[in-house]
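Enquirer: quick one, fold the following:
(chains A and B)
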Amino acid sequence: MRVKVLIVEDSKASREYIAAMVEAVEGVEVVVTSSGFEALKLLPRHRFELIITDINMPDINGLELINFVKKNPNYRDVPLFIITTEGREQDRERGLSLGAAEYLVKPFLPGSLEALLRRYLKLP
Amino acid sequence: MTPRSKALAEFVAEATEILDALARDLLALDERRGQEADPELVNGIFRAAHSLKGLSGLFGQERIARLAHGTEDLLDRLRLGRLLMDGAVLDALIEVLDAFQALLGEAARGTESEGLSARVEAMAARLASLGAPVEVPEDDPLERLELDAQVRAVFTEYEEHRLRENVRRGVALWRVRAAFDLSDFDKGLAELNARLKPLGEVISTLPSAQPGGAHGIAFDLIFGAQVDGAGLEAGLSGTPAELSPLRVRPAVEAVTHALVRAAEPVAAARDSEAAEGSPPPKRGGGRKKGPRAAATPLAPGVQQQSLPHLGEAAPPEPLEWPAPGAEPAAKPSDSLHALAPTTATELELPPGAAPAPMVAYLQGAAKASRGLSVAPPPPSSAVGTGAGSAPSASAADTSLRSLTQTVRVDIGRLDGLINMVGELLLIKANLQRLAESARQDGAVALSKLFGQELARETRGLERKLEALQEGLLEARMVPVGQVFDKLARLVRRITREAGKEIEFVIGGGDVELDKLIVEELSDPLMHLIRNAIDHGVESPDARLAAGKPRRAVVSLRAEQKGNHVVIEVSDDGAGIDEARVREVAITRGLITFAQAQEMGRRELLNLIFQPGFSTARSISELSGRGVGLDVVKNNLGNLSGIIDVWSERGRGTAFHLTLPVTLAIIRALLVGVSGRTYAVPLNSVLEIVSVQPRDIRTVERREVLDLRGQTLPFVRLARMFALPERPVSRHFVVVVGLAQERLGIAVDELHGQQDIVTKPLGGRLQSIRGISGATDLGNRRTVLVLDVAALLEEGMALERRRA
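Expert: Got it, this is the predicted structure:
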């Protein structure tokens, strides 16, 4: 049984890139979406073990998604990673204070993401 | 495709989309130069730069990432109100866009030129030092907004800034709550947003953390309203939205503080404004804030809601203003009712000024004057010349062609195609059923009913396959507007560089053409438009002298005419000097004097498409690139298009480009029979031989041709189409073949090869044997295209009969 990871990122190329990295980890299944709205729709339909989200997105921002997840009794235990680009410290701080587990600054190394995934997903 | 090149293609495709969006927003900003920048546009551009930075970073495109980083930084300062958008900033952003496009071009080719790298460095350095900083007042109006800290915690920095701006301007703030079904909340929200947008600014959309039942979800929209409460309610009637006002506490201490601080610089600010006369646009944004805040109508509901709070600091009854003509006061300044009489006298405000806007005005003026004295913006001339002109000129060289081969297909079209496939599957099922019944019961297969059913299904299959083919061809169609938008951007820049005043008019952008044609069209159109701006249009002074309006009009229009699209590029400039065209054509030896005498006006004008022709007396930087109109004509010829020019002295010039809608191009051999021309698809032509009448024998009343010891079926095209035959001493025979079959076709003349677009014949003509369709030749002649397959079949049938 593979664990499901949700990736929320509006840039298609970035999304594919991150998805490829996550998929490379054995035992992980990836669900991707391009918007916060779609993420809200996907949440009740799957059992995600981890969510990776961008902050700057067109419909609802990543912080709002984190807040929604962390306030909702059904999802609040799901660890969340934020993907940011450098220079957006305030957004990052807010994400962490809202309950995000980790943040990744683009561009990041595949190895760093993989290590974090293994730790949070409790994979060998 | 290797994974690496696939990744690169994905990167280029998305980066192109981002740049297209960026260009659109920039263009919109550019059109409203001098006005206060629309925060939504600025944020859109910021988002584009931000996405580009993240994207290029991930894909190791360091130069793009570096420039995007600088651009994002600048835009971040702009959108957070720390910098004012002025002309110099806008020019720089337009140049940055060009640089991005050049960079992306190099990335797509896998090259990295040093010139461009140096340009990126220079540009990034310039971006960092650009613009006049705006001083942020110390008091934070957000402190006065009664908003749950938890709600504030999910705002991004930008959303917080927009909220702050709205509070500062005294805009009535509302929480708009709406619950939707989880399955289609995005539609409901989009509808709600569409209703809200004309009424103000949606600052943030928050999914409510409270679970909205098993299938529901609620959202809180933080909204800054430009209308009053009643107007907002009316605007939202019929939606599930519930309104509740967000209270803003009066800014008692903040206001007095501001007044004290503002007292000093106010004199200086007033003086400088008086000296300058009209305020320069770049400071407009800062100064507009005051009056606009005051002019915003109060939402009655809001005022009521905030009154209890006012009571703590100020008398609840509204006081009368000492000055006449006071504008309705905005919320934050309500507290001034109590303060105004004393502070106003102390400051010796001019009579008639409303204290409420004055406070904001003072803050604005103080900001502006301080901003100017602390860090004067770089002189705009330095920006315009120096580093500016050289890169932009070289950027003008870059092609407007897209870097990607992607076609975006409308989802409706795609659904149509999928439906067609569904219908094809139905037919397949029917055919399968027929086949099955034939297999099980051989007698059924021979029944008449069975035959009819089979024929019906086959016809259905044929129709659906044709529709599918047509649908797929349609999917290649894109609106020409895609190129028009890119050209509009270019026109703005060229116009500025050429020192002309031009109104660029676009029409028919929704006319659709094959993606391939649209792509190939951008360069010829760019060339024609440059010519129009550079040579066609006179300088503003010359136009005034000629009794024309200063501003010239250059227009670009597309129109569909049957199977063709006509694109017109026209200007209302000086027109083409016909006498000069004649003179140049004769001196260059393009025509003789005698020929010139016989030529009509249109013919003469069209000489400008001859290779090596140019009437420009001085080679300008813009058009003098050694590429003449002959290249444009050639480019269009490659697209089976034709170009025509018409011009009147003093009135202007118009180029007409006629293009096929799609490029189902084939190469054809044009042959002549009895004065008529036919096209033979070249892919079926094996060879062309010249034969004497004695090489033709008649076998069983049927003519055959002996060719190198082989006997070929032979037809005379003239006889076949019942045309008068000419007596000839030699025949040209076009030998065509498909698979194993060969046929010799006798024709009178050979006219050479040409690319043609075959159009199916409609109606009764469809059934004519031996003709597959018609095509337009460049000279507006329509000729029939031979159906080689049908002709071969005919020949075979005759042979079989003989055998």
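
Enquirer: could you list the domains of chain B?
Expert: B:3-133+B:380-397, B:171-245, B:252-374, B:411-475, B:478-660, B:665-802 (automatic domain parsing).

Enquirer: mean pLDDT lowest where, among these?
Expert: Mean pLDDT per stretch puts domain B:252-374 lowest among the domains of chain B, at a mean of 40.

Enquirer: B:L686 - that's part of a helix, no?
Expert: No - counting by DSSP: H, G, I helix; E, B strand; the rest coil, B:L686 is located in no helix; its state is strand.

Enquirer: how about it, what does it touch?
Expert: B:L686 is in contact with B:V735, B:V736, B:G737, B:R742, counting by C-beta atoms under 8 Å, 6 or more residues apart in numbering or on different chains. Bear in mind the C-beta positions are built from the backbone N, C-alpha and C, glycine included.

Enquirer: please redo it, this time with the cut-off set to 7 Å
Expert: Listed by C-beta atoms under 7 Å, 6 or more residues apart in numbering or on different chains, the contact partners of B:L686 are B:V735, B:V736, B:G737.

Enquirer: which SSE is immediately downstream of the helix or strand containing the second one?
Expert: B:V736 belongs to strand B:731-738 when elements are defined using DSSP states H and E. Reading on from strand B:731-738 to the C-terminus, the next helix or strand found by DSSP H and E is strand B:741-747.

Enquirer: direction included, what does that following strand pair against?
Expert: Strand B:741-747 sits in its sheet next to strand B:710-716 (parallel), strand B:731-738 (antiparallel), going by DSSP bridges.

Enquirer: now render the ones you listed as JSON lines, adding mean neighbour count.
Expert: Shown next, in JSON lines, are those (neighbours: other C-beta atoms under 10 Å in any protein chain shown):
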{"stretch": "strand B:710-716", "mean neighbour count": "18"}
{"stretch": "strand B:731-738", "mean neighbour count": "20"}
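
Enquirer: tell me which of these sits nearest to B:P198.
Expert: strand B:731-738 (63.5 Å; C-beta to C-beta).

Enquirer: ok, and what's touching the closest one?
Expert: Contacts of strand B:731-738 (C-beta under 7 Å, 6+ apart): B:669, B:671, B:680, B:684-691, B:705, B:712, B:742-747, B:750, B:788-789, B:792.

Enquirer: try it again at 8 Å.
Expert: Contacts of strand B:731-738 (C-beta under 8 Å, 6+ apart): B:669, B:671, B:680, B:684-693, B:696, B:705, B:707, B:712, B:714, B:742-750, B:788-789, B:791-792.

Enquirer: list only buried entries from those residues.
Expert: B:669, B:671, B:680, B:684-685, B:688-689, B:691, B:696, B:705, B:707, B:712, B:714, B:742-748, B:788-789, B:791-792 (16 or more other C-beta atoms under 10 Å in any protein chain shown).

Enquirer: any idea which element the residue nearest to B:L786 when sequence neighbours are not counted lies in?
Expert: Counting by C-beta to C-beta, 6 or more residues apart in numbering or on different chains, B:L786 lies nearest to B:V680, which is 5.0 Å off, once chain neighbours are set aside. When elements are assigned from DSSP H and E, B:V680 belongs to strand B:676-681.

Enquirer: how much does that strand deviate in direction from strand B:731-738?
Expert: 30 degrees (axes from the mean of the first three to the mean of the last three C-alpha atoms, to 10 degrees).

Enquirer: list the buried residues of strand B:676-681.
Expert: Within strand B:676-681, the residues that qualify as buried are B:T677, B:Y678, B:A679, B:V680, B:P681, counting by 16+ other C-beta under 10 Å.

Enquirer: strand partners (parallel or antiparallel) of it?
Expert: Note on strand B:676-681: by DSSP bridges, its sheet partners are strand B:665-673 (antiparallel), strand B:782-786 (parallel).

Enquirer: show me how far that strand is from its chain's centre.
Expert: Strand B:676-681 has its C-alpha centroid displaced from the chain centroid by 39 Å (C-alpha atoms, centre = their mean, to the nearest Å).

Enquirer: show me the strands in the stretch 451-600 of chain B, by range?
Expert: B:477-479, B:502-507, B:512-514, B:552-561, B:564-571 (DSSP state E, counting those that start in this stretch).

Enquirer: same for the last one, what does it pack against?
Expert: The reference is to strand B:564-571. helix B:515-531, strand B:552-561, strand B:652-660 (3 or more C-beta pairs under 8 Å, 6 or more residues apart in numbering or on different chains; DSSP states H and E).
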